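**Q** Sequence below, structure please.
(chains A, B and C)
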Amino acid sequence: MYATRKHAVYAYLLLAPSLLAILFVYLYPVVKNVQYSFSAVLGPVTKYVGWRNYRLLFKSDTFTTALLNNAKLLLAVPIMIFVTLLVAVFLHEKIRGWKIYRTVLFFPYILAVPIAGIVFGYIYQLNGILNELLRTLGLNALALDWLGSPKIALWSLMSVIIWKEMGFGIVLFLSRMLTIPHELYEAAMLDGASWRQRHWHVTIPEVRQTLEFYFTITVITMLSGVFGYVYVMTGGGPGNSTSVSELFIYQTAFKFQNIGMASAVSVVLLVISLVFVFLQLRLRREDGDAAR
Amino acid sequence: MQRDNRIGWAGFSVQQTVLLFLTLLALFPIYFMVVTAFKNQNDYISNKFGLPSAVTFENFRTVFGQHNFFLWFGNSVILTAGSVVLAMVLAVLAAYAVAKFWFPGKKWILNIVIALMVVPPVVMVIPLFGMMTKLGMINSQGGVILIYAGLLLPLSIYMLSGFFAAIPNEMIEAAMIDGCGLLRMLYRIIVPAALPAFVTLAIVNSVWVWNELLISVIFLQDDALKTLMAGLTVFKSKYTLNIPVTMAGLIISTLPIAILYFAGQRTFVEGLTAGAVKG
Amino acid sequence: MWKKRVPAFRPGLWLSLAVLGAALAGCSGSKSSADSSAGASGGETKELTVWWWGDQEAPGAQAWMEETVRKFEDVNPGIKVKTVLQSTDQLVPAFKAAAMANEGPDIQYFWGGVWTLENAWNNSIVPVSDYIPQDELSHYINTSERTYDGKVWGTSWYLSDNAVPYRKDVFEKAGLDPNNPPKTWDEFLAACEKIKQAGYLPLAVGLKDGWLGGWIWQLLGKQNLDSHQELLKAVLGDADFTDPKYSEWLNKLTELKEKGYINNDVLSLDYQQGQELFATGKAAMVFGNDTFFPKWIQDIGPDNIGIMNVPVYGAGKMADTVTVTAQGFGITSFSKHKEEAAKFLMYMHTPERLNDWYAKTGVFPADDRFDASQISIPQMKQMFEMVKSKPGVNLENFIPSMVEEQSVLSGVQELLAGQKKPEEVARLMNDISKQWREQTPDMVTHYENWVK
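**A** As a prediction, the model looks like this:
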């Protein structure tokens, strides 16, 4: 690692353009949001109102429901980690046809969210093809109103998110696994380790950092990266059953023109995310090295 | 990793079954999309699952005839190419700095950058809109490219720096002794060494920008500047009762990114297997 | 080993990056200056930008708009008009974003009532009555919805009126007299039962995208009210939504659901898909809007379709009125060409344009100078008579969007999903109104002025 003063200046120069862009795109809006959250914005005029927006926010059932829905979506995280890891392990074993599987399984990831949303919107209709299929198979009881029933709409939505996002995890883990030295596995096999032991003691520890990364990414997605899905598939309905924080911000700011309130929600979301990341960093071991 | 024959047929069958099942799940909606696009309306209503009784291209013709479709398409291409290239260029420089240099304030900067990855774009939109207006950059593709690039940076820097750090310093020193300039070294040594990460990141970033709906809808309101995704929502509400046409539109919208993906596959595979050999 | 030579600092690299950055800034800058120069230059061509909606509701509007622009530009060589059709979801957000930035179109399409006036309260639009003479304005229908503080804040463009179209062929199959549709709620229920027995769906409803919930409310929920002021009172907290006067409609809706007169996939079909059940003959009736009627009459056949008023159950003065909504335009406060904007708006009301509008869309223009003898289709003649004889306002234009979205649209969905009972939805309307009052006290003041 280069660490002289001359190196430091050099490093700053390399970082400068990126930092400028980040300042412009991230920091300025965050600061502005904080400012707005303490105000009422009436057209071009901004009026200071103290904590009013925050107070009213937590009294709003619509908001707490939205936040709760984000929390429910977090249940997708363990599912995604488990499935993607498992699939990556299978593919890593160069099972017959693994290249095809890998190509196909990654494909949903590259589909645009609106596209996935529209297609699944049709598939999940009460009289759509999924139910038609179930009914032809005689499974009428399973032909539910996937997106129209407040009880299951959120889970149906989650299934679409998982369907689409899985590919990324699979490829990510697989890439990492391919750099694991063979010798480790050979040693394990020489010791008579079973399939499960091999992976538990070799593969998993080796991909630990990737796992942490993926965990973080997925949690962040569930908190603040699902707007597209909700917007296209349900609009937050039926009722509020699929409303999420991002949708709430969007509607409050652009439909009800309550910028102050919307900014308050943004700040709350931001704080939650930061707390999460902070905890995460704390729990991680320090490597004393680069951006790990 | 070599296939381990000690798992036996049972183990293989389980693996194959699981993978097959997941593949079917992954493919089914896509199958539905493709098959429906080639049916006409009546064919679709009477037979939702199966293959078209008579393959027709009229849906695609309708889509191409759609006012402004190609324009939207072109807009998406411009925005994706522009912002991904810009982001990758900046990120490579920054990631190199982060991976190989120490400088005062490094930890702070890193933590903030990582923390910023969690901020949802919807949060940025309102203040950014105000700022962009003052700068006169609403309905400006350049402005949106800047925004997208900025949004892609934290993740890109994070990912690349991790992979860059794994590159042994000896390689870099050897290159420098040979009189390598910064640019050449980045191109010849560093990026190729982290190629799988680089390609993956490029694809991930392109997919993100291509998909993006919220920002493009708010910052590019002019009909002629809309991206494909934004245009799709208009298209869908117009054709909401004609599902085959809608599907045709969706397929055309996906084609470029699908092509990019399949083309990038090779570098993908090379990169991945190169990594395997080294490891 | 720290003291290593750093790779050569290549000026070329930084220079090219700087150029790239400058180019980006430059091209965006020049784009905006191109935009503003078109607008700001006094002597040369003035460009008007119009953001509008309506082709979705009145198919044919786009063709009319294009021709209007062409003819207007011919008659006014110094003015160029650019029109942008917004999608339904983006109509309001796009304008609110523009208003915040104080930059955007010269003319904006607005629904009536609060949809127009909230922009007046936020100083995003100017009164059209400042630019259009009173004798002209007096011919525009329903300017009362856009009046506040003695000024008129928007022009009217076309009328969107509600009624219940019914399929005569299905009526006949159910043993009902196709020329004598039900008028009262009880007659309506009886008819529904017969239709259901005959194997058809009585009423088609699509609620996935929420909008229809608002219609159902304004058509059924107004029936116990005497005037829209009574609604405003409840929004302001001076009346209670759980009072049957304000909530009986929820019971009526539940009744329809429980008796099986509504399709079971109501929550997984969006509005248009719901209407489609009617268009394809699976359903007998649908809550309709006369902007769609011409197309249906053509598709279904003039002998097969009839028009009836919404069945009456209520006791208020508004019970048997026909909801007449005038959609229209406003002039933005940040427009640099307000006079020209007003000119364009007035041009839309010239007799030739009014007749052309009807010819292209089959929708009534909102001008009392419209020559009704143009209407040839019997059902539309009947509709026009209904509109002229007993017009009433659309309650959706008087409720704050937050209250409608979070209590009416959301509540109707939950009601039909079986998740909430009528009283709970009514209570929700109270709660959200209260939250609205707390969150936007400035709006409350305006509403109080408005009620007077």
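**Q** only C-alpha atoms for contact and neighbour calcs from this point on.
**A** OK.
**Q** Just give me the neighbour total for residue A:96.
**A** Residue A:96: 12 surrounding residues under other C-alpha atoms under 10 Å in any protein chain shown.
**Q** Can you tell me how far it is from chain B?
**A** The spacing between residue A:96 and chain B, counted by C-alpha to the nearest C-alpha, to the nearest Å, is 8 Å.
**Q** For that residue, give me its contacts.
**A** Contacts of residue A:96 were listed using C-alpha atoms under 8 Å, 6 or more residues apart in numbering or on different chains, and none were found.
**Q** and it, helix, strand or coil?
**A** coil (DSSP: H, G, I helix; E, B strand; the rest coil).
**Q** what's it sitting at in phi/psi?
**A** Backbone torsions of residue A:96, given as degrees, to the nearest 10, read phi -60, psi 130.
**Q** ok, it to residue A:166 distance?
**A** 21 Å (C-alpha to C-alpha, to the nearest Å).
**Q** Kindly report the same for residue B:30.
**A** 15 Å.
**Q** Show me what residue of the stretch 201-350 of chain C gets nearest to chain B.
**A** Going by C-alpha to the nearest C-alpha, chain B is nearest to residue C:273 of the stretch 201-350 of chain C, at 6.3 Å.
**Q** Report the buried residues of the strand or helix carrying that residue.
**A** Assigned by DSSP states H and E, residue C:273 belongs to helix C:271-279. Within helix C:271-279, the residues that count as buried by 16 or more other C-alpha atoms under 10 Å in any protein chain shown are C:271-279.
**Q** Considering those, which is situated nearest to residue C:428?
**A** Taking C-alpha to C-alpha as the measure, residue C:428 sits nearest to residue C:271 out of the buried residues of helix C:271-279, at 23.3 Å.
**Q** Spit out the contact partners of the residue lying closest to the closest one once chain neighbours are set aside.
**A** Ranked by C-alpha to C-alpha, 6 or more residues apart in numbering or on different chains and with sequence neighbours excluded, the top spatial neighbour of residue C:271 is residue C:206, at 4.3 Å. Contacts of residue C:206 were listed using C-alpha under 8 Å, 6+ apart, and they are C:212, C:265-275.
**Q** could you list every residue that touches residue C:342?
**A** C:128, C:131-132, C:331.
**Q** Let me have these in a markdown table, adding pLDDT as columns.
**A** As requested, the contacts of residue C:342 are exported to a markdown table (pLDDT from 0 to 100):
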| residue | pLDDT |
| --- | --- |
| C:128 | 95 |
| C:131 | 95 |
| C:132 | 95 |
| C:331 | 96 |
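**Q** Neighbour count and distance to residue C:452 for those residues - can I get that in JSON lines?
**A** Shown next, in JSON lines, are these (neighbours: other C-alpha atoms under 10 Å in any protein chain shown; distance: C-alpha to C-alpha, whole Å):
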{"residue": "C:128", "neighbour count": "25", "distance to residue C:452": "22"}
{"residue": "C:131", "neighbour count": "16", "distance to residue C:452": "26"}
{"residue": "C:132", "neighbour count": "17", "distance to residue C:452": "25"}
{"residue": "C:331", "neighbour count": "27", "distance to residue C:452": "25"}
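**Q** Of all pairs in those, which one spans the longest distance?
**A** C:132 and C:331 (11.0 Å).
**Q** And stretch B:54-70, how far out from the chain middle?
**A** 25 Å (C-alpha atoms, centre = their mean, to the nearest Å).
**Q** what does stretch B:178-191 give?
**A** With C-alpha atoms, centre = their mean, you get 27 Å for stretch B:178-191.
**Q** Averaged pLDDT, that stretch. What do you get?
**A** The average pLDDT within stretch B:178-191 is 71.
**Q** again with stretch B:248-263
**A** So the average pLDDT for stretch B:248-263 ends up being 84.
**Q** next one: stretch C:364-379
**A** 89.
**Q** OK, contacts around residue C:358?
**A** Counting by C-alpha under 8 Å, 6+ apart, residue C:358 has contacts C:364-365, C:374.
**Q** Where does the nearest residue to residue C:156 once chain neighbours are set aside fall, secondary structure wise?
**A** Excluding the flanking residues, the one nearest residue C:156 by C-alpha to C-alpha, 6+ apart is residue C:328, at 4.1 Å. Assigned by DSSP H and E, residue C:328 belongs to strand C:322-332.
**Q** Residue C:199 belongs to a helix?
**A** No. Secondary structure of residue C:199 (three-state DSSP): coil, not part of a helix.
**Q** Look up how far residue C:191 lies from it.
**A** 13 Å.
**Q** Please say which of these two ends up with more neighbours.
**A** residue C:191 (21 against 13).
**Q** any idea which helix or strand comes after the helix or strand hosting the more buried one?
**A** In the assignment (DSSP H and E), residue C:191 maps to helix C:185-197. Next helix or strand after helix C:185-197 toward the C-terminus (DSSP H and E): strand C:201-204.
**Q** Skip the chain neighbours and tell me the closest residue to the single nearest residue of the stretch 1-150 of chain C relative to chain A.
**A** Using C-alpha to the nearest C-alpha, the single residue of the stretch 1-150 of chain C nearest to chain A is residue C:93, 4.5 Å away. Nearest residue to residue C:93 in three dimensions, chain neighbours excluded: residue A:254, at 4.5 Å (C-alpha to C-alpha, 6+ apart).
**Q** Next up, the contacts around the one you found.
**A** C:92-94, C:96-97.
**Q** Of the residues you listed, just say which sits nearest to chain B.
**A** residue C:94 (6.7 Å).
**Q** neighbours of that closest one, just the number please.
**A** 21.
**Q** Count the neighbours of residue B:57 for me.
**A** Neighbour tally, residue B:57, other C-alpha under 10 Å: 14.
**Q** Please, which helix or strand holds the residue nearest to the spatial centre of chain A?
**A** Geometric centre of chain A, nearest residue: residue A:221, 1.7 Å, by C-alpha atoms, centre = their mean. Secondary structure from DSSP H and E places residue A:221 in helix A:208-224.
**Q** hang on, the earlier thing: a markdown table for the contacts of residue C:206, including pLDDT?
**A** Below are the contacts of residue C:206 laid out as a markdown table (pLDDT from 0 to 100):
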| residue | pLDDT |
| --- | --- |
| C:212 | 91 |
| C:265 | 88 |
| C:266 | 91 |
| C:267 | 90 |
| C:268 | 86 |
| C:269 | 88 |
| C:270 | 85 |
| C:271 | 85 |
| C:272 | 83 |
| C:273 | 86 |
| C:274 | 88 |
| C:275 | 88 |
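**Q** quick one: which two of those residues are the most distant?
**A** Counting by C-alpha to C-alpha, the most remote pair of the contacts of residue C:206 is C:212 and C:265, 14.2 Å apart.
**Q** Strands along the stretch 1-150 of chain C, start to end?
**A** C:46-52, C:79-85, C:107-110, C:125-126, C:147-148 (DSSP state E, counting those that start in this stretch).
**Q** so what secondary structure elements neighbour the lengthiest strand in chain C?
**A** Counting by DSSP state E, the longest strand found in chain C is strand C:155-167. Strand C:155-167 is packed against strand C:283-286, strand C:288-289, strand C:305-308, strand C:322-332, with contacts defined by 3 or more C-alpha pairs under 8 Å, 6 or more residues apart in numbering or on different chains; DSSP states H and E.
**Q** could the ones you listed go into CSV alongside distance to residue C:217?
**A** As requested, the helices and strands packed on strand C:155-167 are exported to CSV (distance: least, C-alpha to C-alpha, whole Å):
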stretch, distance to residue C:217
strand C:283-286, 14
strand C:288-289, 14
strand C:305-308, 18
strand C:322-332, 12
